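Visitor: coordinates for the following, if possible.
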Amino acid sequence: MTSRQPSSFERRQFISTLFGAGVAAAALGQEKKLSYKGENIQYGLVTYMWGADLDLPSLIETCDKAGILGVELRVEHAHKVDPTLTSPQRVEVRKRFEDAQVKLIGMGTNYEFSSADPDVVKKNIASAKEYIKLSHDIGGSGVKVKPNDLPKQVAKEKTLEQIGKSLAELADYALGFGQEIRLEVHGKVTDLSDVRTVMEAAKRDSVRVCWNSNDADLNGEGIEANFAKVKDFLGHTLHMREANDSKYPYKTLAKLLVEADFDGYTCLEAHSKIQGDRVEALIKQRELWMGMVRDARMATA
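Guide: Numbers count the residues shown, from 1 in each chain. Sure, this is the predicted structure:
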């Protein structure tokens, strides 16, 4: 027998009967208020400061307790997840995340491709490839890299093109591992026009921009205009500082992400030391930010 979906009237009648007319109206009203846009925005953590000192089991436990849904593992931290891991060790790391609520977003490396020395660029590309394979093996979906520098002895346009071509090489390699190459807006390359130039030079769908919530986002015509320059290149990760930092317009950022129907992890990359209990601090940041997202979804409905 083919099942029939209940009509909207039947649904309202059921809710009214179950909860009472007043509660039912509130429930249905709340449903109408939230736009579908932004419904896939999730909260994650970059282990830059608030997770740097934790071994992997402690990190996973902390994230699970705090309701953190995704984590980007920074290299050279106490969790010690790097390419030296053997095959059995990689299987173990993967299983730890599969058994947890928090999921591995990927690896956060410091590799950059702006050097005027071709050998340095070649070495960094080779090292980044090792992390691409590692991320695949342990269940991640991408690797973060940086543009970072603009050597004075080289024309800026040439350096930006070099960075883009390096990212393209990584993307071609990453196709076999199903990984996203995430260009963090960082260092001396924080002008979003320059970042767009890099992306246009890369010409690869799997090369994406990792918005980094920099002060430079507010330059020129402001955050809305700068966001528009890279909106079409955004990937599945975004970095942000503490949501209660009054110097950055996080409410506006939430609005822009909802309007763009961002589908990915908005990750805390804290720049301050933890005050008090770590889990409580993470919960506070998650609730502050996701509250802004909820408000933006209501305003967009």
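Visitor: which strands and helices sit next to the longest helix anywhere in the chain?
Guide: What stands out as the longest helix in the chain, according to DSSP state H, is helix 278-300. For helix 278-300, the helices and strands in contact under the criterion 3 or more Cβ pairs under 8 Å, 6 or more residues apart in numbering; DSSP states H and E are strand 41-46, helix 56-66, helix 250-259, strand 264-268. For glycine as for every other residue, the C-beta is placed from the backbone atoms N, C-alpha and C.
Visitor: right, and these - which one's nearest Leu238?
Guide: Nearest to Leu238 among the helices and strands packed on helix 278-300 is strand 264-268; the distance by Cβ to Cβ comes to 4.9 Å.
Visitor: what angle do that closest one and strand 41-46 make?
Guide: Computed with axes from the mean of the first three to the mean of the last three Cα atoms, to 10 degrees, the direction of strand 264-268 lies at 40 degrees from that of strand 41-46.
Visitor: ok, and what's touching strand 264-268?
Guide: With contacts defined as Cβ atoms under 8 Å, 6 or more residues apart in numbering, strand 264-268 is touched by 40-46, 50, 69-70, 72, 105, 234-243, 257, 282, 285-286, 289, 293.
Visitor: just give me the neighbour total for the closest residue to Ala66 other than its chain neighbours.
Guide: Spatial nearest neighbour of Ala66, chain neighbours left out: Leu282 (3.7 Å); criterion: Cβ to Cβ, 6 or more residues apart in numbering. Under the neighbour criterion other Cβ atoms under 10 Å, Leu282 is assigned a count of 23.
Visitor: need the pLDDT of Leu282.
Guide: In this model, Leu282 is scored at 98, pLDDT.
Visitor: that one touches Met49, doesn't it?
Guide: No: the pair Leu282 / Met49 is not scored as a contact, 11.8 Å apart, by Cβ atoms under 8 Å.
Visitor: what's the most buried one of the helices and strands packed on helix 278-300?
Guide: By mean neighbour count, with neighbours taken as mean count of other Cβ atoms under 10 Å, strand 264-268 ranks first of the helices and strands packed on helix 278-300 at a mean of 25.
Visitor: within the sheet, what are the partner strands of that one, with directions?
Guide: Sheet pairing for strand 264-268, assigned by DSSP bridges, gives strand 41-46 (parallel), strand 234-240 (parallel).
Visitor: ok, which of those strands comes nearest Glu157?
Guide: Across the strands paired with strand 264-268, Glu157 has its closest neighbour in strand 234-240 (23.6 Å, Cβ to Cβ).
Visitor: for the closest one, the distance to its chain's centre please.
Guide: 3 Å (Cα atoms, centre = their mean, to the nearest Å).
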